[in-house]
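Novice: Let me see the structure of the following:
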Amino acid sequence: MAPIAVTQASDAHSRSTFESSTLKSESADNRTHGAMGRTKDGRPLKVRTYPKFESLEEERLYRKQHLAAAYRIFAERGFDEGVAGHISVRDPILTDHFWLNPLSKHFSQISVSDLILVDEDGNVVIGDEPINAAAFAIHSEIHKAKPNIDAACHAHSTYGKAFSAFGRELDMMTQDSLRFYKSHAVYPQFGGVVFDREEGQRIAEHLGDGKAIILQNHGLLTVGETIDAAAFWFMSLDKTCHAQLLVDAAEQGSGHKRTLIPEEEAKYSYQQVGTPAKGWLAFQPYYDDILAKTNGSFLK
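Specialist: As a prediction, the model looks like this:
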């Protein structure tokens, strides 16, 4: 097979792209998010950022609201399949506890009041429904091993499942794939439905410090410092898998070779598209959309 082409980057291009004069006068938050905002009379416009809370109870409610929204958004994208799939968020008060969905409720119907709080031993602390045992085996070990991670998403999305069959990492060939530059891994085995916490531990170990892991013959799992970021990473990863599958097929059919993004461009671009703050921001339009479409029914 002929070698894959790699575009050539120049130092000048990297500097001009990532040290752009258009952002020089912006606030730190705006620069972090790639946001440019100043009125004609000179007033600065600030980008949305993760809110500050008056109490941990207030933050708990926020996390639960955005968790319920994530389930609704996943349902819209067809990430549901029977009782498979689960999203968790760490409780900010009982930090060794996390919130999950009830096992048999459809993602599209989940509201704040349906969410289940479980402790590190799998005991239901708040809620009246059972949880997915595989969800507990995976999420409990991720939350335990990674105190900086507050949320994790796993679902049996079509493109994630298809790409996982190859047991390989993504190629860095689109701007969006760079969200996962040196920030994703592959779990290179399939041991059936994950009921064993030791399997959850191995998944957490393979994940390392990344934001995503491709579970071979299974699907995708993403994590984040916020539920918003973790959910957006999952949506983006599934789309990136779709793009990769299309490119793989087109390359075989046409004989044309893909062009990869060079290391320097990938490294600098990651700082623009792959940070936790950018992940949180990228989820907000989806949250606003589901809030409007449902009239906030998931908030109850």
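
Novice: chain center to the longest helix belonging to the chain, what's the gap?
Specialist: What stands out as the longest helix in the chain, according to DSSP state H, is helix 227-254. Helix 227-254 has its C-alpha centroid displaced from the chain centroid by 13 Å (CA atoms, centre = their mean, to the nearest Å).

Novice: Which residues belonging to that helix are considered buried?
Specialist: 227-244, 247 (16 or more other CB atoms under 10 Å). (Glycine included, C-beta is placed from N, CA and C.)

Novice: packing partners for that helix?
Specialist: The elements that helix 227-254 packs onto, with contact taken as 3 or more CB pairs under 8 Å, 6 or more residues apart in numbering; DSSP states H and E, are helix 56-76, strand 86-90, strand 151-155, helix 158-164, strand 212-215, strand 219-224, helix 276-294.

Novice: ok now do residue 226, which residues does it touch?
Specialist: 50, 66, 150-151, 276, 279-280 (CB atoms under 8 Å, 6 or more residues apart in numbering).

Novice: What ranges does the stretch 1-150 of the chain have for its strands?
Specialist: Along the stretch 1-150 of the chain, counting by DSSP state E, counting those that start in this stretch, strands occupy 5-6, 86-90, 98-100, 116-118, 124-126.

Novice: Let me know which of those is the nearest to residue 176.
Specialist: strand 5-6 (18.0 Å; CB to CB).

Novice: bridging residues for residue 185?
Specialist: residue 213 (DSSP bridges).

Novice: Start at 7, not 1
Specialist: Got it, first residue is 7 now, which makes that one residue 191.

Novice: pLDDT at it, what is it?
Specialist: Note for residue 191: predicted pLDDT of 97.

Novice: Next: residue 11.
Specialist: 63.

Novice: now the one 5 residues further on
Specialist: Note for residue 16: predicted pLDDT of 49.

Novice: for the one 4 residues further on, same thing?
Specialist: Listed pLDDT for residue 20 reads 48.

Novice: Give me the pLDDT for the residue nearest to residue 245 when sequence neighbours are not counted.
Specialist: Nearest non-adjacent residue to residue 245, counting by CB to CB, 6 or more residues apart in numbering: residue 182, 6.9 Å away. pLDDT for residue 182: 97.

Novice: Surely residue 182 touches residue 249?
Specialist: Yes. Residue 182 lies in contact with residue 249 (CB atoms under 8 Å); the separation is 7.5 Å.

Novice: Student question: in this protein, what's the helix or strand with minimum average pLDDT?
Specialist: The helix or strand of the chain with the lowest confidence, counting by mean pLDDT, DSSP states H and E, is helix 17-24 at a mean of 47.

Novice: Per-residue pLDDT of the residue of the chain positioned farthest from its centre, please?
Specialist: Going by CA atoms, centre = their mean, the residue of the chain most distant from its centre is residue 47, 38.2 Å out. Per-residue pLDDT puts residue 47 at 81.

Novice: Any idea how many residues pack against the residue nearest to residue 245?
Specialist: A count of nearby residues for residue 182, using other CB atoms under 10 Å, gives 14.

Novice: measure it to residue 246 for me?
Specialist: Residue 182 is 6 Å from residue 246, where distance means CB to CB, to the nearest Å.

Novice: Provide a list of residues in contact with the closest residue in space to residue 239 that isn't next to it in sequence.
Specialist: The spatial neighbour of residue 239 that comes closest, neighbours along the chain excluded (CB to CB, 6+ apart), is residue 228 at 4.0 Å. Residues in contact with residue 228 (CB under 8 Å, 6+ apart) are 158-160, 217-219, 236-237, 239-240, 243.

Novice: out of these, who's nearest residue 270?
Specialist: residue 217 (21.0 Å).

Novice: which parts of stretch 72-85 are buried?
Specialist: Buried-residue list, stretch 72-85, by 16+ other CB under 10 Å: 72-81, 83, 85.
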